[in-house]
Structure formats: structure tokens, C-alpha cells
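**Student:** Kindly generate the corresponding structure for this input.
(chains A and B)
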Amino acid sequence: MNELPQQLVNGLLLGSMYGLVAIGYTMVYGIVQLINFAHGEIFMTGGFGALTVYLYVLPNGTSMWVALPLMLLGAIIVATTVAVGAERFAYRPLRGAPRLAPLITAIGLSLALQQAVWAWYPDAKESINFPQIDGGPFEVGNVTVQTGDIFLLIAAPISMAVLAYFVLKTRTGRGMQATAQDPDTAKLMGVNTDRIIVIAFALGAAFAAIGAVAYGLKYGQVQFRMGFILGLKAFTAAVLGGIGNIYGAMLGGLVLGVAEALSTAYISDIPGMEQFGSQSWANVWAFVLLILVLLFRPQGLLGERVADRA
Amino acid sequence: MTALLEVEDLRVAYGKIEAVKGISFKVEAGEVVTLIGTNGAGKTTTLRTLSGLLKPVGGQIKFNGRSLKKIPAHNIVSLGLAHSPEGRHIFPRMTIEDNLRLGAFLRNDRPGIEKDIQRAYDLFPILGERRKQAAGTLSGGEQQMLAMGRALMSQPKLLMLDEPSMGLSPIMMQKIMSTIAELKSLGTTILLVEQNAQAALSLADHGHVMEVGNIVLSGSGQDLLHDESVRKAYLGED
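**Tutor:** Numbering: from 1, shown residues only, chains lettered A, B, ... in the order given. Down below sits the predicted model:
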């Protein structure tokens, strides 16, 4: 049986989740040249935001078709609040400081958010089940899409289209591009760059929150540490695609997802490589791919060389 | 009647080092005023302070009767003060047309913006021919045209040009200078910073010579052009 189409679909679905989270890394980096290592935890708080709406806001037994949009809204509100707060109180005071200072702040913030959820969220010391959409998997030909992944199938392309429209067609989006390319000159044009930075953090968090709901539906649970590996993968996707480039983030996510899916499906078929095809090795192959791409194309797949003509 | 721009005892410092040490000058509506002087004289620092990118440590800036000292950079352009920065600083990965549109970032009158884009293309036909091209692919002189066109898109009351001829070929320099003359004849008020003193002074109504943070000599453009010390120091004559 030919399982390649199935593996590609699995990989693309996984990859679009990486891509949604990767956008946050790449947008913030593009505008303030900061790797927000707390972004994985912002993603995690989005997951808990959605969970909170389901468990503590909506009445018991609310249909998922009603609950899901509200959960999504809760995820976005929580994640953007955390991100905007982080920008305001942790990163903004460090603007102009040596690069290492905000980086260490980001790592500290990431630990603080993890531990806060662990300590204070009810039952968060273990994984908490995430509500699931009823109904069996969908089958198209011999390709199966799990019910939980339907959300991703719909949300990821819509999110990307909305983002592209925003960046290319709205005034704020053009101000964002200008700020990324030359912040001082953007100010001369009348762009409020402080506001643009806040918007970049908020948008990145909103997309991460969509990714977090997708994660909950896909894996059936959320936990306080879910942002660590996923954040690392999404960061890898952002670098792979060319950090600073929002299309690169999505492309990098898809490439990474497909690479993982193919590695688990096929590497064990190679004679002598039987033990390298497991799920835990998939992470290794993902990072091997990153290293290879960076060796031959340091700016990433869609990244641009930094030098512009004077 | 007060002048459009009044700078009084302006002082600007980078840390402890004062780059501008208490300068005063005026720009009247309709005038071209130039600041000339060598590298490090404080000319660019002065312009960057006027447009809010740097904060002064002392003195007054009054534009159109209003103090600019407390106004953040992104709000200054809407008061009618446009700045074409040193080194041009066009947005390299955007098209020429998008660069021009950014110059009109705060304007809401769509038809007016389209008209002004057309006007920029009339002023600089090469920009019109390449409107969909990324601005980073333009030559230095073309980028300078774009930077000037972009600054004009805000419909400024005062246009500040920082070193528009820097690094350009003699032909391109002449083209830029004749454009400035054309803008002047259309009634644009211009504050021009230049190292090319000859060109700047021949255009200017008033000129000020800056040296290490001070204005050491002021006069009409023609007077300075014929001043012996200026000729020696800036026009390369013995």
C-alpha cells in the first residue's frame, strides 16, 4: 500500500501548527531583533486559556461547535495579554540594552510562566485532558484526517491569508514593514513604532493561541511544559524559513512537519537504520535538517541577505 | 510675524559629549536656508533633533509657533515638518510606489495622495518608470530622488534635506541640485544641510556655517559664497 500521501498530509498538518507558532518568533524578531524565547510559553498560556473557557466559563456539556469559537477567543485573549504584558514590563525597559539582557529575560520569563501555571492552575501538575470534537476521522481516498486535525486544516490557511492581507494591505501592516526595515525612518514617516512593536507581540501571540487550540485538539491534552519542545520546533521553523519573513515561518513549519512525518515513516525501512525511525528520533531529524539548511543557506529558505544597497 | 522655524540656543548631546552647543537660527516661509560645514560639525544632529529622533538637552525649537521639544518623532511629520535623512534611508525591500505611499502614511485623502504620487513621478520620471521595482535596486542618485519624493508626500510646510548630494556623481549631483532649485521656485520652504557648500550657498537665501557644534558665521547665500574665510575653508581655494 502506498502510504506516502498519508504521510505528507500528516506532515503538512503538523507543520502548519509549527508555522502558526513560528509567526510569533519571526514577527518579533523582524521588528525588534529579539528572539522571544518566552513565545513557547505564550503559546502554552493560550492552551490553558482555551481550557479555562471550557472548564470554568461555559456550562457543562456545551457542544464543541459552540464552545470551540469561544475557547479560541479565550486562548487569544490570554496569550495576547501575556505577550503584551511581557513586552511592556519585561522587554521595553531593556530596549537599547545589550542583546544578551533581553535574551536572558526571555529565558527567565519562560521559566516563570511555566512555573506559575504549574503552581497555580488547578490540576496543572499533570497533563489535563483537552475537550475533543466528536465524530470519526475523515477519509478522502486512502488518506485519513483525524477529527482533531480538521480545525488545523481550516484555521491555518485562513490565519495565513488574514496575516498576509494585514501586512500587505493595511496601513498598520505597511507601518510594520517600514519599522522592520528601518525604524528611525519609519518614525520620520509618522509611524508610531512603539505601537507597532506591541502589535507584533500581540499578533504573534494570537497566532500562537490558534496553534495552541490546534495542539489541544490534536493531542487531546495540555500541560504546563507543552511550550518547550513545540516552541523550539517553531523557532526552528522560523529560522529554517528565514527569520524575519512571515511566509518563511509558514514554509519552514511545513518543511519541518513533512520532514518529521517522513522520517518516522521511512527511515526505519533503510537497512541498518531500523532503530532511528521512532517518534523520539523525529526531533533529531528535525534539527539535523535545520543544521543542513543553515550550512548551505544561512539566511534560511526565504531569508534575504542582510546587505542592502546603500 | 514669527518665522516658520525658530531655533534658539539649541543644545544636543550624545551622553556627555555635546554635539550641538547652543545654536540659533530661523527659517522663514518660502526661504531656502542652508547649514554648511565639515563632517562632525553637528548639522545632521541638528536635523535629527528637529524631527524628534534626538532629544535636546537645552534650548527651544518652535515650528509654526509650537514648541517641538516634547513631541515624539512620529507626531512631528503631521505638523508639517518632513525630513529626508542623510544616507537616503529608503525602504529597500518595498517598491518605489510603496515608499512614496509611506511618505503619506498619516494622510487620509486618497485622491490627493494619488495626485501627489503622480507629481513625484513628474518631478522624477525615472521613479515612475520603475514604480513596481524594489527601491533597494535603484542607484544612489535615484534613491536620493525617491527619498526627496517621499518626504514631499507628506505635503510639508518645511522640507529638511540632509546631504542630498552625498556620494553622487557630478551629473547626478547637478540633477538633484536643480530639482531643489525647482522646488524652491515652486515656493517650498527648505532647510538644506550640505557639505557641497558651493552648490548649497548658490541656492540659499540664508546660510549658516557650522563648526564643532557652533554656528560661526551667518549671512545671505551670496555673501557667504563670496566670503573669504568661507572660500578658504569650504570651497577649496587658497
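**Student:** Can you show me the helices along chain B?
**Tutor:** Taking DSSP state H, the helices of chain B run over residues B:43-50, B:73-76, B:96-103, B:110-123, B:125-129, B:140-152, B:170-185, B:197-203, B:221-226, B:228-234.
**Student:** Counting neighbours, which bits of the shortest one end up buried?
**Tutor:** Buried residues in helix B:73-76, defined by neighbour count with 16 or more other CB atoms under 10 Å in any protein chain shown: B:73-74, B:76. Where C-beta positions appear, they are placed from N, C-alpha and C, glycine not excepted.
**Student:** of the residues you listed, list those near chain A.
**Tutor:** Intersecting the buried residues of helix B:73-76 with the contacts of chain A gives B:73-74 (criterion: CB under 8 Å from any CB of the partner chain).
**Student:** Just the closest of the buried residues of helix B:73-76 to residue B:28, please.
**Tutor:** Taking CB to CB as the measure, residue B:76 is the one of these closest to residue B:28, at 19.6 Å.
**Student:** Chain A against chain B: which residues are in contact?
**Tutor:** Checking chain A against chain B by CB under 8 Å from any CB, the hits are A:171, A:174-175, A:177-178, A:181-182, A:184-193, A:304, A:308-310.
**Student:** Keep only those of those residues that are in helices.
**Tutor:** Using DSSP H, the residues of chain A next to chain B in helices are A:171, A:174-175, A:177-178, A:181, A:184-188, A:193.
**Student:** Excluding residues flanking it in the chain, which one is nearest residue B:77?
**Tutor:** Nearest non-adjacent residue to residue B:77, counting by CB to CB, 6 or more residues apart in numbering or on different chains: residue A:190, 4.4 Å away.
**Student:** is it true that the one you found touches residue B:81?
**Tutor:** No. Between residue A:190 and residue B:81 there is no contact under CB atoms under 8 Å: 10.7 Å.
**Student:** Would you mind telling me which of these two has the busier surroundings?
**Tutor:** residue B:81 (26 against 22; other CB atoms under 10 Å in any protein chain shown).
**Student:** Please identify the residues of chain B in proximity to chain A?
**Tutor:** When proximity is defined by CB under 8 Å from any CB, chain B lies next to chain A at B:51-53, B:72-75, B:77-78, B:82-83, B:85, B:87-89, B:91-94, B:98, B:101-103, B:105-106, B:136-138, B:140, B:143, B:150, B:154, B:167.
**Student:** ok, now with 7 Å
**Tutor:** For chain B, the residues in contact with chain A (CB under 7 Å from any CB of the partner chain) are B:51, B:53, B:73-74, B:77-78, B:83, B:85, B:87, B:89, B:91-94, B:98, B:102-103, B:105-106, B:136, B:140.
**Student:** Just the buried ones among those residues, please.
**Tutor:** Buried subset of these (neighbour count, 16+ other CB under 10 Å): B:51, B:53, B:73-74, B:77, B:83, B:85, B:87, B:89, B:91-92, B:94, B:98, B:102-103, B:105-106, B:136.
**Student:** center of chain B, which residue is that?
**Tutor:** Centroid check for chain B by CA atoms, centre = their mean gives residue B:161 as the closest residue, at 1.6 Å.
**Student:** What is the neighbour count of the residue nearest to residue B:23 when sequence neighbours are not counted?
**Tutor:** Excluding the flanking residues, the one nearest residue B:23 by CB to CB, 6+ apart is residue B:215, at 4.8 Å. Residues lying near residue B:215 (other CB under 10 Å) number 21.
**Student:** Likewise for residue B:154?
**Tutor:** Residue B:154: 25 surrounding residues under other CB under 10 Å.
**Student:** Test my guess that it contacts residue B:84.
**Tutor:** No. Applying CB atoms under 7 Å as the test, residue B:154 and residue B:84 come out as separate, 10.7 Å apart.
**Student:** So for stretch B:190-206, what gets flagged as buried?
**Tutor:** Residues of stretch B:190-206 classed as buried by neighbour count (16+ other CB under 10 Å): B:190-201, B:203-206.
**Student:** so how many other residues sit close to residue 18?
**Tutor:** Went with chain A since none was named. By other CB under 10 Å, 27 other residues sit near residue A:18.
**Student:** That was the other one, I meant chain B.
**Tutor:** For residue B:18, the neighbour count with other CB under 10 Å is 17.
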